[in-house]
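Novice: sequence? don't have it. structure:
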DNA sequence: CGAAAAAATGAGTGATTACTCACTTTACTT
DNA sequence: AAGTAAAGTGAGTAATCACTCATTTTTTCG
């Protein structure tokens, strides 16, 4: 799988136009932003951690906020990654016979994405409420794209008689709550406790299926 | 219902020892912290909004962080409020015959709490990752107290044969994901879209019940 | 190589930061 | 009303902030 899930790698290889110092700046910024928060991190601190002069940061990014956006923005586009499986409705039948199969694939897909990009995701979640640009991007990508595609997909399985009738928006919301509630608890809220990943994953999927499938 | 759900009122009446100026400081701080974030809010800004001299803030609070903690800390204790409904184990049978009844009561209870204290809750969620004191309080109250009481309650309904056998921790996690996923989406993430509250609430409860109850 | 361009530097900018303190105003007690 | 304690003030503090820019270093390429 040469899937480019690692946003960091993607950031650092962008167009091959990034200098070594610039890469170090990005790495240092991600570390500091995720640990202390954007507003509480100073540019001098980033420069020191990156081993560059403070002026170098502003040679590549007009402002500190610019640096933040250059890190977080690529994240947004990737949020809908699991739904770009080409022409959804047509390929779906062969790829995922049941909603359950789809759910299972999505949990694993998003789990890998989350684990690989944890610090950037933390920054994103922290700053979305305060950066209008990020809020807008989030609504664009998540609300419009991802959510709608997810909904289309649910309608597909409803039409096949697998899922109970219910506004697809609600079905998506319930599915997403269960899945991301699990992933967030597992990797962000209480990662320090012992988790039986396989069991909890399966339980979560079965929980959703019991809640949404036609044949109880 | 003279339930003291409003943390703000509680803060302002504390011991009757708060001066008028101090109350204005708290109100102004809550507003600024929730809008711009703790680190991005200056004490001069709070003073201006409160209509007091900047020195007055530091007469009552040693540091800016002290002010933050005095606002958010009382929140924590209230997070487990729905579980202090008198002596759980004993009153339970007569109060909530079914898990469904309990869920319904909890959703309404937490919904009111969330709506009434939205700004303070936003501040809390934002700052928990960065303030060790808050992290600790959160784990103490939520993990130890609330989660455990919730689990005890689930075990009660499992023993009555209403819920399927499953580690109570998992059942609590799944229930909480669905409920708080709903409430967060409704009031924090996308409050601007139209919600049919009654229908969505009921759907959420039924979703949990289908996922966890014995008789499908 | 050598010249031009790009990258990097770090001292310096004014503004802003959280916080202090000597002092004034207000409130309370008798 | 006088005396005392608490509350409030705002100019002042050193530190730090994001950002600039003249200069130096490195890279590119004919």
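Specialist: In hand now; what should we look at? Nothing here was measured: the structure is a model prediction, and the numbers come from that model. Residues are numbered from 1 along each chain as shown, chains lettered A, B, ... in the order given.

Novice: For the rest of this, base every contact and every neighbour count on C-alpha atoms.
Specialist: Fine.

Novice: ok, the residue nearest to the spatial centre of chain A to DNA strand D distance?
Specialist: Using CA atoms, centre = their mean, the residue of chain A that lies closest to the mean C-alpha position is residue A:79, 4.3 Å off. Distance, residue A:79 to DNA strand D, using CA to the nearest atom of the strand, to the nearest Å: 27 Å.

Novice: tell me the mean pLDDT over stretch A:108-126?
Specialist: The average pLDDT within stretch A:108-126 is 94.

Novice: That stretch near chain B anywhere?
Specialist: Yes - shown here: stretch A:108-126 in contact with chain B (CA under 8 Å from any CA of the partner chain) through residue A:126.

Novice: got the buried residues for that stretch?
Specialist: Within stretch A:108-126, the residues scored as buried using 16 or more other CA atoms under 10 Å in any protein chain shown are A:110-111, A:113-114, A:117, A:119-124, A:126.

Novice: and if you look at stretch A:38-46?
Specialist: Those would be A:38-39, A:41, A:43, A:46, for stretch A:38-46 by 16+ other CA under 10 Å.

Novice: near DNA strand D, from those residues?
Specialist: A:39, A:41, A:43 (CA under 7 Å from any atom of the strand).

Novice: what does chain A have sitting close to DNA strand D?
Specialist: Residues of chain A lying near DNA strand D (CA under 7 Å from any atom of the strand): A:39-45, A:54-56, A:58-59, A:62-65.

Novice: Return the subset of the buried residues of stretch A:108-126 lying in helices.
Specialist: In helices, defined here by DSSP state H, the members of the buried residues of stretch A:108-126 are A:110-111, A:113-114, A:119-124, A:126.

Novice: hang on, the earlier thing: show me what contacts the residue nearest to the centre of chain A?
Specialist: A:141-142, A:146 (CA atoms under 8 Å, 6 or more residues apart in numbering or on different chains).

Novice: Tell me, what's the model's pLDDT at it?
Specialist: So, for residue A:79, pLDDT stands at 75.

Novice: Just give me the closest of the ones in helices among the buried residues of stretch A:108-126 to chain B.
Specialist: residue A:126 (6.8 Å; CA to the nearest CA).

Novice: So that closest one versus DNA strand D, what's the distance?
Specialist: For residue A:126 relative to DNA strand D (CA to the nearest atom of the strand), the value is 16 Å.

Novice: Chain neighbours aside, what residue packs nearest to that residue?
Specialist: Excluding its sequence neighbours, the residue lying closest to residue A:126 (CA to CA, 6 or more residues apart in numbering or on different chains) is residue B:126, at 6.8 Å.

Novice: Need the pLDDT of residue A:10.
Specialist: 71.

Novice: Could you grab the helix/strand/coil label for it?
Specialist: When classified by DSSP: H, G, I helix; E, B strand; the rest coil, residue A:10 comes out as helix.

Novice: Relative to residue A:161, which of the buried residues of stretch A:108-126 is nearest.
Specialist: Set against residue A:161, the nearest of the buried residues of stretch A:108-126 by CA to CA is residue A:110 (26.3 Å).

Novice: how much space between that closest one and residue A:176?
Specialist: Distance of residue A:110 to residue A:176, given as CA to CA, to the nearest Å: 11 Å.

Novice: which stretches of chain A aren't confidently modelled?
Specialist: Within chain A, the stretches with pLDDT under 70 are A:1-8, A:11-16, A:80-94, A:216.

Novice: how about the residues of it that lie near chain B?
Specialist: So far as CA under 8 Å from any CA goes, chain A lies against chain B at A:35-37, A:39-40, A:126, A:130, A:170, A:173-174, A:177-178, A:181-182, A:200, A:204, A:206-212, A:216.

Novice: If we use 6 Å, what do you get?
Specialist: A:39-40, A:177-178, A:181, A:207, A:210-211, A:216 (CA under 6 Å from any CA of the partner chain).

Novice: Please indicate which of those residues are buried?
Specialist: A:39, A:177-178, A:181, A:207, A:210-211.
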